[in-house]
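For reference, the sequence and a predicted model appear below.
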2 protein chains.
Amino acid sequence: MVKRSPLEEEILARHLRPTKKERDLICGVADEILAAIRESGKAEGMVVGSVARNTWVKGDRDLDVFMLFDPAVPREGLERDGLALARAVASRFTDEFCEKYAEHPYISACIRSVDVDLVPCYKVGNPTSIQSAVDRTPFHTRYIAEKINGLVDDVLLLKQFAKAGGVYGSDQMTEGFSGYLCELLILHYGSFSQLLKAAAAWRPHLVIDIGHHAAKEFDEPLVVIDPVDPRRNVAAAVSIDRMAEFIELARGYAEAPSGKFFEIPDPPIISRDDLAALLEERGTALIAVTFRTPPYIEEIVVPQLKRSVLAVTAHLERNGFVVHHAHYRMGTARCIFLFEMLVADLPKIRRHMGPPVWNRVNAEKFREKHLAQPLPGPYIADGRYETEVFREWSNAAAFLSSPALLSVSLGRHVRQSLEKDWQVTEGAECWDEEFAPFIASFFARCSPLTRIQRNE
Amino acid sequence: MVKRSPLEEEILARHLRPTKKERDLICGVADEILAAIRESGKAEGMVVGSVARNTWVKGDRDLDVFMLFDPAVPREGLERDGLALARAVASRFTDEFCEKYAEHPYISACIRSVDVDLVPCYKVGNPTSIQSAVDRTPFHTRYIAEKINGLVDDVLLLKQFAKAGGVYGSDQMTEGFSGYLCELLILHYGSFSQLLKAAAAWRPHLVIDIGHHAAKEFDEPLVVIDPVDPRRNVAAAVSIDRMAEFIELARGYAEAPSGKFFEIPDPPIISRDDLAALLEERGTALIAVTFRTPPYIEEIVVPQLKRSVLAVTAHLERNGFVVHHAHYRMGTARCIFLFEMLVADLPKIRRHMGPPVWNRVNAEKFREKHLAQPLPGPYIADGRYETEVFREWSNAAAFLSSPALLSVSLGRHVRQSLEKDWQVTEGAECWDEEFAPFIASFFARCSPLTRIQRNE
């Protein structure tokens, strides 16, 4: 076993290993819930996730309890009976619970300050016969619980390292490393320090196949074949940028290890006045588009926001406006698209290229169409007709405020929201209490290692 | 023989066929010069060009007289003796003469209001043994003079049609049709109207080989093999745009023939106030660069101006400035580059792309280089490092005024002139008495047919 550094040991002791009190609290809640499920006689209870694997970080209060039903129960039956059982169990402990929905519905409850998810699933014989993604989780838990002995501290270090570096989480906004992926990487490389040493030299399309059983090709930047399912890439959510950021963090830590690599940074902030001063200094034009958040979960909305911002950016650039940086954020009530423009105003004319003169039919059509206009042209350039025409949009904000925005290929639910209404603001008026941290990070773009090294 | 239309006959009679008086004048001058050369006993005189071929247009006053020397005379001897003879001959008629230089020196004189060029050349046995380009001219004259009988009027129509359309002249500024090319086209197609009918369907890389003897491949847009030299393209000077303009004129004339197609337009004009108003209306930024005309002939300077404007335009666009239209003009004392910009001012920041993160050595160099800067970044985008940097030029006029202009790949003599001095002016200040017609045409860009049809 590779030795950990005194720095790592200190961080583990002070910040990462749960206390006995925490452990007793969470395990106590878990035991009581399992007992309640057992008493119901309707399903088999199983603790999954980091609590079951002993890989939760101090301060975490998340407990996942699965309720395994017989696979003979039809899907609608499972949803109805599963949810009823979860409700019944939860209500024995608290009134603070609600229904949530991922692939199928579950109950989220707060029991003695522990956030408990009660998730119905099928008890299947092996992971290739699962009926929904959650059915796979018990297999993950068993796989890790069996092998993680002696490596728990390394998992804790890795999870905290990834969290502090902003690359932890397989949600659509983060596009980073899940807890299960962290556990597999530690199992594969044998320790936190060996993983980091290897990661410093990672290249995209790396394939890690712990079970030596990959059953298909994957084209994601990082491929870690699920040891319990040869057709699944555990790292499918990891974007090329999160992978690259992990690589640079690994290099930076190897070069100059420090506690900074484990400290979750305070979110950046910016005031309206600071934003006004910053825009004045940068000389750029800021435009925000805000609209009601579509009534769907993050996994559905965020990819649509991403696609929509790319499409709007492409449309702006096709019209001659130069986008320096564009990003998006999904808030609870509203979403925002933010565009920082190098060029947001253009003269009202533009060149319009026509057909080659030898293409007689089209050339004559083009000439006739543009002959009577009040602008220069048609003229010939490189053997083609060309003419000046009036630009459709000479101001980026005017385009973003117009119904033409809806003609851009937006995500479906984003379009539905915009069809009701949207707001366009410019300059420091883009500032907004809810989105201030987002706006601050928009203007403080830097990689995690840059942030750590600049703060030193 | 194809009949000409009444319109064409009227134009020929009223505007194109030289009068008897003109004919007598020019032929009289020609005869006297030939006599003077004969008397010298040093060379053989020969009238070449349109006068010799009977294809000159009413009002033309250009007489080309060649003095053919024995090829045994060495080149320096030809230049010395040839020029001495030309001077001696000219001085018998006038004091108004001067030395000019194309491929080699000749004398240009004004004799009884006729512009006479006295050009020494070698009398070679056949056109493939010529020693300089002018030696080929007597062969052209003999070839055309022998065959042009009955087609002279068609040549006159074509020359005037090409002049009025702005496509006549094989000089570097025009890049159009020479007189000899006009004659060959009429010979090849048999009449003005048959040429126009064919030209309406021309496509680039058309090859016309009257002598059926092409001895190499040419890649110019229009290829007309010289019947007296199989290795020469008579249409080498014709640019793709002049060819296309000729095509559209041919189509336009076929559709609606009119005297407009034979009227040379007045040069456009623009006042300083008109320019100011126009720029205000267009919303564009105009920038002019002016400098002393390099002391070389148009054939050398104009291609350098063209290349220089292309290079400066490319440099401006690489720096984020958007050039809507750029052009150049060679004046007697000064040359001008004119740039109409859609974007002439930019924020002082820009994005700067670095290496992929996996390229460890370069990635770390890039990070270190940009870490301490007062701008956001380095950050990771699509797996590569990227950062914000300060833009080298945030104003196009500032770049054009700076010594950095000299780092662009300019023509040699253009650079030599700029190395001494240049001026940059902006907006209506670009207006200049000498260049006013150029500036007017810069803003009235249209093809010849567009001009004719719009004026109707």
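Arrived safely.

what lines up beside the helix or strand bottoming out on mean pLDDT in chain A in the sheet?
Between all helices and strands in chain A, the lowest mean by mean pLDDT, DSSP states H and E belongs to strand A:97-101, at a mean of 89. Sheet pairing of strand A:97-101 (DSSP bridges) gives strand A:105-111 (antiparallel).

quick one: contacts of the partner strand?
The contact list for strand A:105-111 (C-beta atoms under 8 Å, 6 or more residues apart in numbering or on different chains) reads A:29, A:33, A:79, A:82-83, A:86-87, A:89-90, A:93-94, A:96-100, A:115-120. The way it works is simple: take the backbone N, C-alpha and C, and place the C-beta from them, glycine included.

Now go through those residues and say which are in strands.
Mapping the contacts of strand A:105-111 onto strands (DSSP state E) picks out A:Phe97, A:Cys98, A:Glu99, A:Lys100, A:Asp115, A:Val116, A:Asp117, A:Leu118, A:Val119, A:Pro120.

burial count for the last one?
For A:Pro120, the neighbour count with other C-beta atoms under 10 Å in any protein chain shown is 26.

Need the buried ones from the contacts of strand A:105-111 selected in ChimeraX.
A single ChimeraX command selects the buried members of the contacts of strand A:105-111 (16 or more other C-beta atoms under 10 Å in any protein chain shown):
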select /A:29,33,82,83,86,89,90,93,97,116,117,118,119,120
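
which ones are touching A:Gln373?
A:Gln373 is in contact with A:Thr387, A:Val389, counting by C-beta under 8 Å, 6+ apart.

per-residue confidence for A:Arg38?
Per-residue pLDDT puts A:Arg38 at 95.

any idea how far A:Phe366 is from B:Ala52?
In this view, A:Phe366 and B:Ala52 are 43 Å apart by C-beta to C-beta, to the nearest Å.

Please apply the same query to A:Asp345.
61 Å.

So A:Ala162 sits against A:Tyr168, correct?
Yes - using C-beta atoms under 8 Å, A:Ala162 is in contact with A:Tyr168, at 3.8 Å.

Any buried residues in stretch A:5-23, and which?
A:Glu8, A:Ile11, A:Leu12, A:Leu16, A:Arg17, A:Pro18, A:Glu22.

can you check stretch A:379-391 too?
A:Tyr379, A:Ile380, A:Ala381, A:Gly383, A:Arg384, A:Tyr385, A:Glu386, A:Thr387, A:Glu388, A:Arg391.

quick one: it to chain centroid distance?
Its chain's C-alpha centre and that of stretch A:379-391 lie 45 Å apart, by C-alpha atoms, centre = their mean, to the nearest Å.

could you check whether that stretch is close to chain B?
Yes - Stretch A:379-391 reaches chain B (C-beta under 8 Å from any C-beta of the partner chain) through A:Tyr379, A:Ile380, A:Ala381, A:Asp382, A:Gly383, A:Arg384, A:Tyr385, A:Glu388.

so of those residues, which ones are in strands?
Cross-referencing the residues of stretch A:379-391 next to chain B against strands under DSSP E gives A:Tyr379, A:Ile380, A:Ala381, A:Arg384, A:Tyr385, A:Glu388.

can you count the residues close to A:Tyr122?
For A:Tyr122, the number of neighbouring residues by other C-beta under 10 Å comes to 22.

Please, which helix or strand holds A:Phe339?
For A:Phe339, the element it lies in under DSSP states H and E is strand A:334-343.

ugh, typo on my part, it should be A:Asp24
Using DSSP H and E, A:Asp24 maps to helix A:20-40.

and if you look at A:Tyr328?
For A:Tyr328, the host element (DSSP H and E) is strand A:322-330.

Name the residues that touch that strand?
With C-beta under 8 Å, 6+ apart as the test, strand A:322-330 has contacts from A:173, A:284, A:293, A:298, A:301-302, A:305-306, A:308-309, A:312-313, A:316-317, A:335-343, A:435, A:438, A:442, A:445, B:320, B:343, B:347, B:349-351.

Swap in 6 Å and give it another go.
Applying C-beta atoms under 6 Å, 6 or more residues apart in numbering or on different chains, the contact partners of strand A:322-330 are A:284, A:301-302, A:305, A:309, A:313, A:316, A:336-343, A:438, A:442.

Could you do stretch A:412-420 as well?
So stretch A:412-420 is in contact with A:Phe291, A:Arg292, A:Pro294, A:Tyr296, A:Gln304, A:Ser308, going by C-beta under 6 Å, 6+ apart.

How about the helix or strand containing the first one and chain B, any contact?
Which is A:Phe291. Using DSSP H and E, A:Phe291 maps to strand A:285-292. No - shown here: strand A:285-292 not in contact with chain B (C-beta under 6 Å from any C-beta of the partner chain), separated by at least 8.5 Å.

quick one: that strand to strand A:322-330, angle?
30 degrees (axes from the mean of the first three to the mean of the last three C-alpha atoms, to 10 degrees).

quick one: average pLDDT of strand A:285-292?
So the average pLDDT for strand A:285-292 ends up being 98.

for stretch A:117-137, same thing?
Per-residue scores along stretch A:117-137 average to 88.

For A:Gly165, give its distance to A:Gln194.
Distance, A:Gly165 to A:Gln194, using C-beta to C-beta: 18 Å.

same thing with A:Glu146?
A:Glu146 is 21 Å from A:Gln194, by C-beta to C-beta.

ok, those two, which is more surrounded?
Regarding A:Glu146 and A:Gln194, a neighbour count based on other C-beta under 10 Å identifies A:Gln194 as having more, with 15 against 9.

Same question for the more buried one, what's its three-state structure.
Look at A:Gln194: counting by DSSP: H, G, I helix; E, B strand; the rest coil, its state is helix.

follow-up on the earlier one: angle of the strand holding A:Phe339 against strand A:285-292?
Using the same axes, to 10 degrees: strand A:334-343 against strand A:285-292 is 160 degrees.

so what strands line up beside strand A:334-343?
Here strand A:334-343 has these sheet partners by DSSP bridges: strand A:285-292 (antiparallel), strand A:322-330 (antiparallel).
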